[in-house]
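Undergrad: sharing a model that was predicted from the sequence below.
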Amino acid sequence: RRIILSDIYKETSKWYYNSKEVKINSLKKLNSTLSDISDIIYSDTPIFHNELINKSKLSGAISTARRNLFINLIEKINKVNLSYPNDKFPPDKTIYLTLLKNTGIHTVKEGKFQIGKVESSIKKLWDASNEFISSASKQTKSLVEFINILKSAPFGLKQGLIDHWVGIFLILKSNEFALYYKGQYVPNLNKDNLELIFKSPKDFVIKSYDISGNKLLLFNRYRDLTQLNVVSSANTTSFIQTIRPFLILARQLEEVTKNTKNFKDKRTLELREAIVNATDPEKLFFEDFPAVYSIFNISELSDKDMMEYINNLAFSIKDLTTYYQNLVEHTFLKFEDIFGKHSDFKKFKNTVNKRYASIKSDLLPSHIKTFFIRITSALDDKESWINSVVQDLVGSTLQTISDIDLEKLDNRLEKSFLELDHLVDLHKIELNKNQEVYRIEVTTTKGGDVPQQFIVDEKDKDKADKLSEKLEKLLLNNNNINKVAIINLLKKLKSE
């Protein structure tokens, strides 16, 4: 509701400002006094000759112009006049000229944007905005706090101007702070983030970089490790450059490396978790990474200690990046334990195929048939061949295998090859269509005996089934006793 001065002015009224009486003897005097007081309270309010944005609420058309200006600032900040045509004046260009061009804030020299000489009419607003970023070096600052500074004395900006200034200033200074949305690091300020800031500034905080001394030395050690040039100061661009190789590394790891806990050095596991769960590059570099190696105060690190830390970090990174290939080689060693070492994979495959040449795949039971087909396949790439065999044994390749399945692999590998080895002699025997070959081999803790094969005609299998039914009726409730009794009977029958 607008207040009409004539409604509140009375000749008998007494007026006070700062606890002191002010002589007001006319409506005109009241008007001029209120104007003077406003100038005192809002002494730093900038003067902008643009009624498009100097409002409490923006129209739909000007809201669109605001978004267009932000997009042009992001995409064309290094272009003179943001590449607006000289003969056209859309609303966003008019706002650009008022807020950025005519105030000296946006200038371009040699194809590179830089802050120019800021006009005195806006200098205090500019300085206060910079002070807000500087104040975020020790702890995060909410953008709501920034907005409240702009709303309050001595600035008293209207909401329409605040909606523009906050986005513009964040874009221009985006290299000097880290932005967080609901606690998550936002690596790039874009039109979508800016729209979220406009709608819900309470969800955003900033943290400016305060990197000097040992922090800067360590930061440059990280850059050297990732083959980047050293810098004299750290900013958003250099942080993103430096952290990107670590994040890419985490994304490119095989699934087995992302999930395993089988690292020989537990620090490799802790490093992987730190990278995968990283939300803040500054915290990652100066707290999380060092903590993996029991370093909790980097300001106390000597040059020697810092070099040792970087070497340990490099070792852990190598442990991560080579885990899968080492797993492939380690698994192949298990095959070589069975078939012996060979100078190349082709010769190894020849040995495997020769060993099982007598086996007829169409006669194999289903549970071993796929295994046989895979080990004798035409794959000539060692890694692909190994993964093919492993997938049959545990249901996944080495690229995705779980630690539990990895434990099962040794036993299943040994068991499958043992079964194939038993079948080799059986498949050498020539059988008629209605015959089946059996093999008996009994092993105890006292040793084993010589395997024995024998052939049974189909007509004799019916007799065997009937005999089995009779024997089953004689079995006791104790299965171990039953098994020993049957084994003793088999050993006796073998010797006859």
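TA: Arrived safely, thanks for sending.
Undergrad: does Gln114 really touch Thr107, like I thought?
TA: Yes - counting by CB atoms under 8 Å, Thr107 is a contact partner of Gln114 at 5.9 Å. All C-beta atoms are positioned from the backbone trio N, CA, C, and that covers glycine.
Undergrad: which of those two has more residues huddled nearby?
TA: Taking other CB atoms under 10 Å, Gln114 and Thr107 do not tie; Thr107 has more neighbours (14 against 10).
Undergrad: mind checking how far that one is from Ile77?
TA: Thr107 sits 11 Å away from Ile77, going by CB to CB, to the nearest Å.
Undergrad: okay, and the common contacts of those two?
TA: Residues touching both Thr107 and Ile77 (CB atoms under 8 Å, 6 or more residues apart in numbering): Phe113.
Undergrad: who touches the stretch of helix or strand Leu170 belongs to?
TA: In the assignment (DSSP states H and E), Leu170 maps to helix 159-172. With contact meaning CB under 8 Å, 6+ apart, helix 159-172 is reached by 48, 53-58, 62, 66, 69-70, 73-74, 77, 95, 99-100, 105-106, 115, 125, 129, 143, 146-147, 150-151, 157, 179, 189, 194, 197-198, 201.
Undergrad: helices and strands of the protein: which one bottoms out on pLDDT?
TA: strand 447-448 (a mean of 62; mean pLDDT, DSSP states H and E).
Undergrad: follow-up on the earlier one: just the contacts of helix 159-172: which are in helices?
TA: Using DSSP state H, the subset of those located in helices is 62, 66, 69-70, 73-74, 95, 125, 129, 143, 146-147, 150-151, 194, 197-198.
Undergrad: burial of Thr226, as a residue count?
TA: Residues near Thr226, counting by other CB under 10 Å, number 15.
Undergrad: distance of the nearest residue to it once chain neighbours are set aside relative to Asn235?
TA: Computed as CB to CB, 6 or more residues apart in numbering, the closest residue to Thr226 that is not its neighbour in sequence is Pro245, at 4.4 Å. Between Pro245 and Asn235 the distance is 18 Å, computed by CB to CB.
Undergrad: now do Asn297
TA: 24 Å.
Undergrad: which one of these two has more residues nearby?
TA: Asn235 (17 against 8).
Undergrad: tell me the pLDDT at the nearest residue to that one once chain neighbours are set aside?
TA: Closest residue in space to Asn235, ignoring its immediate chain neighbours: Asn175 at 4.6 Å, by CB to CB, 6+ apart. Asn175 carries a pLDDT score of 88 in this model.
Undergrad: correct me if wrong: Asn175 contacts Thr236.
TA: Yes - at 4.7 Å, Asn175 and Thr236 qualify as touching, with contact defined as CB under 8 Å.
Undergrad: more neighbours, those two?
TA: For Asn175 versus Thr236, neighbours defined as other CB under 10 Å are more numerous around Thr236 (20 against 13).
Undergrad: can you pull the contacts of the more buried one?
TA: By CB under 8 Å, 6+ apart, the contact list for Thr236 reads Ser174, Asn175, Glu176, Phe177, Ala178, Tyr209.
Undergrad: select only the buried ones of these in ChimeraX?
TA: A single ChimeraX command selects the buried members of the contacts of Thr236 (16 or more other CB atoms under 10 Å):
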select :174,176,177,178,209
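Undergrad: any chance of the contacts of Thr236 in a markdown table, plus secondary structure and distance to Leu225?
TA: Shown next, in a markdown table, are the contacts of Thr236 (DSSP: H, G, I helix; E, B strand; the rest coil; distance: CB to CB, whole Å):
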| residue | secondary structure | distance to Leu225 |
| --- | --- | --- |
| Ser174 | helix | 26 |
| Asn175 | helix | 23 |
| Glu176 | helix | 25 |
| Phe177 | strand | 25 |
| Ala178 | strand | 21 |
| Tyr209 | coil | 19 |
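Undergrad: tell me which of the contacts of Thr236 is nearest to Ile487?
TA: Closest to Ile487 out of the contacts of Thr236 is Ala178 (72.4 Å), distances taken as CB to CB.
Undergrad: how about the contacts made by that closest one?
TA: The neighbours of Ala178, taking CB under 8 Å, 6+ apart as the test, are Tyr185, Val186, Ile206, Lys207, Ser208, Tyr209, Thr236, Phe239, Asp280, Pro281, Glu282.
Undergrad: filter those down to the ones in helices?
TA: Per DSSP H, those map to helices at Thr236, Phe239, Pro281, Glu282.
Undergrad: about what we covered before: quick check: neighbours shared by Gln114 and Thr107?
TA: Residues touching both Gln114 and Thr107 (CB under 8 Å, 6+ apart): none.
Undergrad: my guess is Arg223 contacts Asn229. True?
TA: Yes - counting by CB under 8 Å, a contact exists between Arg223 and Asn229, whose distance comes to 6.9 Å.
Undergrad: higher neighbour count, those two?
TA: Taking other CB under 10 Å, Arg223 and Asn229 do not tie; Arg223 has more neighbours (18 against 9).
Undergrad: for that one, which non-adjacent residue is spatially closest?
TA: Of all residues not flanking Arg223 in the chain, Thr242 sits nearest, at 5.3 Å (CB to CB, 6+ apart).
Undergrad: and the one you found, what element?
TA: Using DSSP H and E, Thr242 falls in helix 236-252.
Undergrad: quick one, the longest helix along the chain and helix 236-252 angle?
TA: Determined from DSSP H, the single longest helix within the chain is helix 303-339. Angle of helix 303-339 versus helix 236-252, following axes from the mean of the first three to the mean of the last three CA atoms, to 10 degrees, is 20 degrees.
Undergrad: so which elements touch helix 303-339?
TA: helix 213-225, helix 236-252, helix 255-259, helix 266-276, helix 289-292, helix 345-355, helix 382-394, helix 403-428 (3 or more CB pairs under 8 Å, 6 or more residues apart in numbering; DSSP states H and E).
Undergrad: what's the closest of those to Asp319?
TA: helix 266-276 (4.3 Å).
Undergrad: now the residue most central in space within the chain: how far from Phe263?
TA: Centroid-nearest residue in the chain: Val276, 4.8 Å away (criterion: CA atoms, centre = their mean). According to CB to CB, Val276 and Phe263 sit 14 Å apart.
Undergrad: same check on Val352?
TA: For Val352, the distance to Phe263 - CB to CB - is 31 Å.
Undergrad: ok, now Gln139?
TA: Separation of Gln139 from Phe263 (CB to CB): 35 Å.
Undergrad: next: Glu441.
TA: Separation of Glu441 from Phe263 (CB to CB): 41 Å.
Undergrad: of these two, which one has the most company?
TA: It is Phe263, of Glu441 and Phe263, that has more neighbours when counted by other CB under 10 Å, with 17 against 13.
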